[in-house]
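Asker: The following block contains a protein sequence and its predicted model.
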Amino acid sequence: MSLHQETVLISGHIIDSLILAKVLDIILMMGGAFDLEDVHIGTTREEPSRARIVIRASSTTLLDDILKAIQPHGACAEREADCRTAEAPADGIFPDDFYATTHLPTQIRLHGQWIDVDRIEMDLGILVDKRGTAARALPMGDVRQGGRIVVGRDGVRVTPLQRPRERDVFGFMESQVSSERPHHHIITDVAARIRQLREGHRQGQADSRVLLAGGPAIIHAGGRDALTWLIEQGFVHLLFCGNALAAHDMEADLYGTSLGYGLAAGRAVPHGHEHHLRTINKIRAIGSIEAAVTSGVVKQGIMAACVRHNVPVVMAGTIRDDGPLPGVITDSVLAQNAMRAAIPGVGLALLVASTLHAVATGNLLPATVPTVCVDVNPSVPTKLSDRGSFQAVGLVMDAASFLSELARLLGRSA
Amino acid sequence: MTRLLVCPPDYFGIEYEINPWMRLSNRVDHERAVQQWHGLIRVFEQDLGVTLERMTPVAGLPDLVFTANAGVVVDCTAVVSRFRYPERQREEAYFENWFRGHGYAVVTLEKALFFEGAGDLLGFPDCWFGGYRQRSDIRAFPHLSERFHREIIPLELVDSRFYHLDTCLCPLSGGDLLYFPPAFDFYGQSAIAQRVPKDRQIPVPEDDALRFACNAVCVGKHVVLPSGCPTTEHLLQARGYRTHSVPLDEFMKSGGSAKCLTLALD
């Protein structure tokens, strides 16, 4: 994704003279790309035409070279203004007219220079540092009185997503959700990405972590072993979940049940409904999930794999939680912050069988992170897309089937 | 076309180099230049009955003789040139004064918008062409187009020897176009082809183009052009034009010929 871009304007008799065609050809021939915006074609021979061209290049040098090359043909950089800022009137309150972010790559113009907004995320404000040389997206609750917040829309520009070079399912960026579409090619593409990211992660490449945000249906549906295997094989590097996924995963290890149902036999076992409570109580007594795993009480499963393979887990609580387990963050703002802090470096997000965690994670992800949302209920990927995470590929299918197929494609023997 | 602005070559010479034709070492034979200029004037006044307005020459402004670059005149309005090179910028005030003194409404473009007058803007009654890149700035044309309600097709001049549009393109009264295609790129040639049908195009050979065959003045069915361009003369005669060739090689030392030495006033 190149963020080096400039908007130019060109006007006059640019159509019949082929000046516009020449300018666009120059941009392409030099290795740049463009979006044509606001093209107005004169309706009579006398009336001039005009076009606004957004030029993108892989480096500032190339962008400058392109601008120099097209300038003699009348394409001039749009007169752009610096962004405006205002001080936050109090802690936790943005100034009126604050700029609300999207999750697309965003830049602001300060002292004539375009700078990237760090940690971009939808629905935040933009904080400019005291020296006026850096900016980052900031949640409303985190602003401190006097913080310089971008207001209005001048001097802010958002870069539309470009199609990734890979010609896989993410390249189409279509978030159409249907239970009637074949799944196999999507899972194949996800597997290919994950394999590539594991390689990158091992080599210490940036943005090569795979995030999985999941719900307890992974355990109920029988996807536990596959997910455990994926974690153990180094294919998942970060887990977001709630109290339930962790509780039922460890319940399965301790009692062989998930919410009281025998995972092997598929029947309710006597007093099985107590198993998850007893599990939570046991872990609370031990003090932490880590201690439960290292002491050998919890031997296998998703949580055990995370502990043994140093995969960070952020557990966000909800109002209906039992216990909760030690480590579950019950303050939702703190939980959101913990998830936010873990997101930098994520290169692929799998949102599996959880409406709340899928939407919460989708809200925190920049649009540049390829995302897959898997749920048996089509409304979940639809909801995610409706809430702005348009980059997410929706897959209407059972969590266990997805994880098992993914693991199989990545080398797990059936 | 009945009136042309000219400027006697009293101070004409080569005092600087601002185009590939100019060489300080290539001295102008001043007496010969004066004779050639008067030869041109004679053709206009005596042979073609054109009315000539004579500007007062100014010492130290050797190129004031090239009045095509004074500006462009449409009816009673004159847009005064903004020269790219400082050497010629000193001419602007004299041209402006002349226009004002002769009752023209004077329009000036913003300082940084280079525009070298009729040297870079010429055309047919309904469609004009604007030469850019070498001297004039393409951004000047939308202003002129808006003011005069004319379509102006910008054409990039890609060969520095043909540094003004009037050195390589000459619209003729009958709708024909005398021009040297290689002075334009693919886009320019295509744009010309869109506006001028093939049977109206008169491409000149390179030898003639380099003698500035296109730097011609068309008065009705008469075309005044520099001598030494026999092929072009034949091409013109075949289309029914009467040609008048004038020796102007002293002015070619400065990169100018018949058209550069005149400005159409109406």
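Answerer: Nice, I can see it.

Asker: Name the spans of the chain whose pLDDT lies under the cut-off.
Answerer: In the absence of a named chain, this looks at chain A. A:1-3, A:160-167, A:171-180 (pLDDT under 70).

Asker: that's the wrong chain, I wanted chain B
Answerer: Low-confidence segments of chain B (pLDDT under 70): B:1.

Asker: List, one by one, the residues from it near chain A.
Answerer: Residues of chain B found near chain A, taking CB under 8 Å from any CB of the partner chain as the criterion, are B:126-127, B:132-133, B:137-139, B:141-142, B:145-146, B:149-156, B:185, B:187-188, B:190-191, B:194-195. Bear in mind the C-beta positions are built from the backbone N, C-alpha and C, glycine included.

Asker: Now do the same contact list for residue A:136.
Answerer: With contact set as CB atoms under 8 Å, 6 or more residues apart in numbering or on different chains, residue A:136 has these partners: A:117-119, A:126-127, A:129.

Asker: From the residues of chain B next to chain A, list the buried ones, please.
Answerer: Judged by neighbour count, with 16 or more other CB atoms under 10 Å in any protein chain shown as the criterion, the buried members of the residues of chain B next to chain A are B:127, B:132-133, B:137-139, B:141-142, B:145, B:150-156, B:185, B:187-188, B:191, B:195.

Asker: Sort out which of those residues are in helices and list them.
Answerer: B:141-142, B:145, B:187-188, B:191, B:195 (DSSP state H).

Asker: what about the helices in the stretch 101-250 of chain B?
Answerer: B:140-148, B:186-195, B:206-209, B:230-238, B:249-252 (DSSP state H, counting those that start in this stretch).

Asker: What residues sit buried inside stretch A:335-350?
Answerer: Within stretch A:335-350, the residues scored as buried using 16+ other CB under 10 Å are A:335-340, A:342-343, A:346-350.

Asker: next one: stretch A:204-215
Answerer: Residues A:208-215 are the ones in stretch A:204-215 that count as buried (16+ other CB under 10 Å).

Asker: same question, stretch B:117-134
Answerer: Of the residues in stretch B:117-134, those with enough neighbours to count as buried (16+ other CB under 10 Å) are B:117-124, B:127-134.

Asker: Stretch B:157-175 now?
Answerer: Within stretch B:157-175, the residues that qualify as buried are B:157-159, B:161-172, counting by 16+ other CB under 10 Å.

Asker: Centre of the chain to that stretch, how far?
Answerer: On the basis of CA atoms, centre = their mean, to the nearest Å, the separation between the geometric centre of stretch B:157-175 and that of its chain is 8 Å.

Asker: cool, stretch A:130-144 as well?
Answerer: Centre to centre, stretch against its chain (CA atoms, centre = their mean), the figure for stretch A:130-144 is 20 Å.

Asker: List the buried residues in that stretch.
Answerer: Buried residues in stretch A:130-144, counting neighbours by 16+ other CB under 10 Å, are found at A:135-139, A:143.

Asker: Give me every residue in chain A lying close to chain B.
Answerer: Listed as neighbours of chain B in chain A under the rule CB under 8 Å from any CB: A:11-14, A:16-19, A:21-22, A:45-46, A:48, A:72-74, A:76.

Asker: Could you pick out the buried ones from these?
Answerer: Members of the residues of chain A next to chain B that pass the buried threshold by neighbour count (16+ other CB under 10 Å) are listed as A:11-14, A:16-19, A:22, A:46, A:48, A:73-74.

Asker: Apart from its chain neighbours, what residue comes closest to the spatially most central residue of chain A?
Answerer: The C-alpha lying nearest the average C-alpha coordinate of chain A belongs to residue A:365 (CA atoms, centre = their mean; 2.7 Å). In space, not counting the residues next to it along the chain, residue A:365 is nearest to residue A:349; the distance is 5.7 Å by CB to CB, 6 or more residues apart in numbering or on different chains.

Asker: right, and residue A:63 touches residue A:7 too?
Answerer: No. Residue A:63 is not in contact with residue A:7 according to CB atoms under 8 Å; the separation is 11.4 Å.

Asker: Common neighbours of these two, please.
Answerer: If you check residue A:63 and residue A:7 against CB under 8 Å, 6+ apart, the residues they both contact are residue A:55.

Asker: Tell me which of the two has more neighbours.
Answerer: Between residue A:63 and residue A:7, counting by other CB atoms under 10 Å in any protein chain shown, residue A:63 is the more crowded of the two (19 against 16).

Asker: I'd say residue A:400 and residue A:221 touch.
Answerer: Yes. Between residue A:400 and residue A:221 there is a contact at 3.8 Å, judged by CB under 8 Å.

Asker: need the longest helix for chain B.
Answerer: In terms of residue count, the longest helix belonging to chain B (DSSP H) is helix B:30-42.

Asker: looking just at contacts, which helices and strands does that helix meet?
Answerer: Other elements packing on helix B:30-42 under the criterion 3 or more CB pairs under 8 Å, 6 or more residues apart in numbering or on different chains; DSSP states H and E are strand B:242-246, helix B:249-252.

Asker: Alpha carbons of the last one, as CSV, please.
Answerer: Extracted as CSV, the C-alpha positions of helix B:249-252 are listed here (Å, rounded to 0.1, in the frame of the first residue of the first chain):
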residue,chain,number,x,y,z
ASP,B,249,17.8,34.8,-43.7
GLU,B,250,19.2,37.6,-41.5
PHE,B,251,16.2,37.2,-39.2
MET,B,252,16.6,33.4,-39.3
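
Asker: now that helix: how far from the chain's centre is it?
Answerer: Using CA atoms, centre = their mean, we find the averaged C-alpha position of helix B:249-252 to lie 14 Å away from the chain's own average C-alpha position.

Asker: what residues does that helix touch?
Answerer: Contact partners of helix B:249-252, identified using CB under 8 Å, 6+ apart, comprise B:9, B:12, B:21, B:28-29, B:32-33, B:36-37, B:65, B:211-212, B:226, B:228, B:257, B:260-261.
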